[in-house]
Structure formats: structure tokens, C-alpha cells
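J.: One predicted model, sequence on top.
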Amino acid sequence: MGLRFLLMATLGAFALPVLAQSPMPRTELSVGMYRIDAEVAATQEHRMVGLMQRRSLPANGGMIFVFAEPRRHCMWMKNTPLPLSVAFLDEEGRIINIADMQPHSEDNHCAARPARFALEMSQGWFRQKGLDAGTKVMGAERLAGAVR
């Protein structure tokens, strides 16, 4: 009985942070004729977790990180098994630059100038759609007030 209780308590301690994390809200963004179903990482907790441990993303699914202020924010892929592309966006939702990120890498990928948002999609999504710097992601700007 003692060993079973210890095992359950230990497993519970590891599961608690995962269970305590609240689900991320979702929003619809659009880029030209493409719609994106994005999870919104607007809290410190959600930005820290991001897409860690995810094994797949829907075809037009991704995650938008909302930052309190424009800065040269950086992203990395520790504990993320998916190859992703990140587009850094300014306050109006225009793409500043896009970087491809490799799974489990601790390399930093940073905005070329101050960014308010970072949109992560499956690697190559932006390139396949012909999207580059200067393209506007509609709907991002309305998320600026979501930061907590």
C-alpha cells in the first residue's frame, strides 16, 4: 500500500502542472485567401508552453504569441517535436520576417526588428502560400489587448 501511494503521489506531482494549465483560447486569422485557426498564447504561462510536446498541427492551424510590447522577441524549439516556421509580426499584423525552426533545437530565432506577435505554423506553410515580409495577417492587431 505504501509503495502504491508513493507512486501515485509522484505521478500526480508530474501531472499537476499539465492539468493546471488552462486551455488556450482560439481565434481566426486570415492572410489573403487563407484562413488560420490559431491558438492564442497571450499569458506568460501559455507563451512558455507554446507548442511543446505537440506531435501534429491541423493543415491551417497554428499558434499566435501575443507580447505586451514590441521588442525583438526570440523563439526556440526545446521540447517541440514539430518542424515549424515562425513569422514575426509588427503591431499592425504585417510580417517582419519568417524563420524555419528545427525540432528540439535550442537555437534562437529572433524578430529582425521590434515585433508584437509571433505566428507559428507548420514548417514551410508561409513559403507554400507565397507569403513574405510585408504581408498583413488580418486579425492579429485585435489581439493586442489580450495580453495578461
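T.: Ah, there it is. All of these numbers come straight from a predicted model, not from anything done at the bench.
J.: sec struct for residue 127, please.
T.: Secondary structure for residue 127, judged by DSSP: H, G, I helix; E, B strand; the rest coil, is helix.
J.: Name all residues that make contact with the residue nearest to it when sequence neighbours are not counted.
T.: Spatially, and ignoring its direct neighbours in sequence, residue 127 is nearest to residue 85 (7.4 Å; C-beta to C-beta, 6 or more residues apart in numbering). For every residue, glycine as well, the C-beta is placed using N, CA and C. Each residue near residue 85 by C-beta atoms under 8 Å, 6 or more residues apart in numbering is listed here: 98-101, 120-127.
J.: Kindly recompute the last result at 7 Å.
T.: By C-beta atoms under 7 Å, 6 or more residues apart in numbering, the contact list for residue 85 reads 98-100, 121, 123-126.
J.: repeat for residue 126
T.: 85, 87, 98.
J.: per-residue confidence at the first one?
T.: We note a pLDDT of 98 for residue 85 in this prediction.
J.: that older thread, so in terms of bridging, what pairs with the residue nearest to residue 127?
T.: residue 100, residue 121 (DSSP bridges).
J.: what separates it from residue 145, distance-wise?
T.: Noted for residue 85: a distance of 26 Å to residue 145, by C-beta to C-beta, to the nearest Å.
J.: beta partners of the residue nearest to the spatial centre of the chain?
T.: Computing the C-alpha centroid of the chain and ranking residues by C-alpha atoms, centre = their mean puts residue 63 first, at 3.9 Å. Listed beta-bridge partners, residue 63: residue 39, residue 120 (assigned using DSSP bridges).
J.: if I pick it, what's in contact with it?
T.: Counting by C-beta under 7 Å, 6+ apart, residue 63 has contacts 38-39, 41, 50-51, 120.
J.: Same check on residue 55?
T.: Taking C-beta under 7 Å, 6+ apart, one finds residue 81 in contact with residue 55.
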